[in-house]
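**Q** Coordinates for the following, if possible.
(one chain, ligands or ions: 2)
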Amino acid sequence: MEKKLLRLTVNAEYHELYIKPKKLLVEVLRDELGLTGTKRGCNTGACCACSVLLNGMTVKSCSVLAMQVEGFEVTTVEGLANVEKLSPLQLSFLDHGAYQCGFCTSGMLISATSLLSENPKPTAEEIKESIHGNICRCTGYNSIIRAIKAVAGGKYKEDKQ
Ligand code: FES
Ligand code: FES
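**A** Ligands and ions are numbered 1, 2, ... in the order given. As a prediction, the model looks like this:
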């Protein structure tokens, strides 16, 4: 199948790629751009391990054709921080042991980032609702909810990192 030109910005970096039109966004992120922080779990839209921000909105990158995001801005977990400075959520996840195998973690961080950008002081119920589609087989969710709550409570501020 003939490849098509795709232009998009990922983690503030502009890209022009020639891809097969049926490529999924998760495939382009992982296989073409090497951004393997975005995980490919169920591949059916059921686990949210592949979540990314698309113009600030959370989407499952296994459920979107890459060509559909032409001209969009994509943020993956790699774009939430850099190697010298983790985001408040990432620090809080570390401190609260909010991960075990880590497979769900990038999707959790994306969902939590989206939540806190829209609602900086969510209740525990709102936190649970925001990650209700993110499947974690390891943690039981409580440590993840505590980690998000700690950031919402102001414990992890950008200038304290
Ligand atoms: S891999 Fe996309 S929702 Fe599970
Ligand atoms: S830490 Fe293993 S799936 Fe969540």
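
**Q** mind listing what's buried in stretch 101-114?
**A** Phe103, Cys104, Thr105, Ser106, Gly107, Met108, Leu109, Ile110, Ser111, Ala112, Thr113, Ser114 (16 or more other CB atoms under 10 Å). C-beta here means a position set from N, CA and C on the backbone, and glycine is covered the same way.

**Q** That stretch near ligand 2 at all?
**A** Yes. Judged by CB under 6 Å from any ligand atom, stretch 101-114 and ligand 2 are in contact via Cys101, Gly102, Phe103, Cys104.

**Q** same deal with stretch 66-77?
**A** No. Stretch 66-77 does not reach ligand 2 (CB under 6 Å from any ligand atom); its nearest approach is 13.5 Å.

**Q** how about the CA coordinates for that stretch, as PDB?
**A** Taking C-alpha atoms only, stretch 66-77 is exported to PDB below (Å, rounded to 0.1, in the frame of the first residue of the first chain):
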ATOM      1  CA  ALA A  66      -2.100   7.900  12.800                       C
ATOM      2  CA  MET A  67      -3.400   9.700   9.700                       C
ATOM      3  CA  GLN A  68      -6.300  10.900  11.700                       C
ATOM      4  CA  VAL A  69      -4.000  13.000  13.900                       C
ATOM      5  CA  GLU A  70      -2.400  14.900  11.000                       C
ATOM      6  CA  GLY A  71      -1.500  18.400  12.300                       C
ATOM      7  CA  PHE A  72      -2.300  17.500  15.900                       C
ATOM      8  CA  GLU A  73      -0.100  17.800  19.000                       C
ATOM      9  CA  VAL A  74       0.600  14.500  20.700                       C
ATOM     10  CA  THR A  75       2.000  14.200  24.200                       C
ATOM     11  CA  THR A  76       3.300  10.900  25.400                       C
ATOM     12  CA  VAL A  77       4.700  10.000  28.800                       C
END
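
**Q** Give me the distance between it and the centre of its chain.
**A** Relative to its parent chain, stretch 66-77 has a centroid offset of 12 Å by CA atoms, centre = their mean, to the nearest Å.

**Q** which outside residues touch it?
**A** For stretch 66-77, contacts defined as CB atoms under 8 Å, 6 or more residues apart in numbering pick out 4, 6-12, 19, 21, 23-25, 27-29, 35, 37-38, 52-56, 105-106, 109-110.

**Q** so which helix or strand takes in the residue nearest the centre of the chain?
**A** Nearest residue to the geometric centre of the chain (CA atoms, centre = their mean): Ile110, 3.1 Å. Per DSSP states H and E, Ile110 falls inside helix 105-118.
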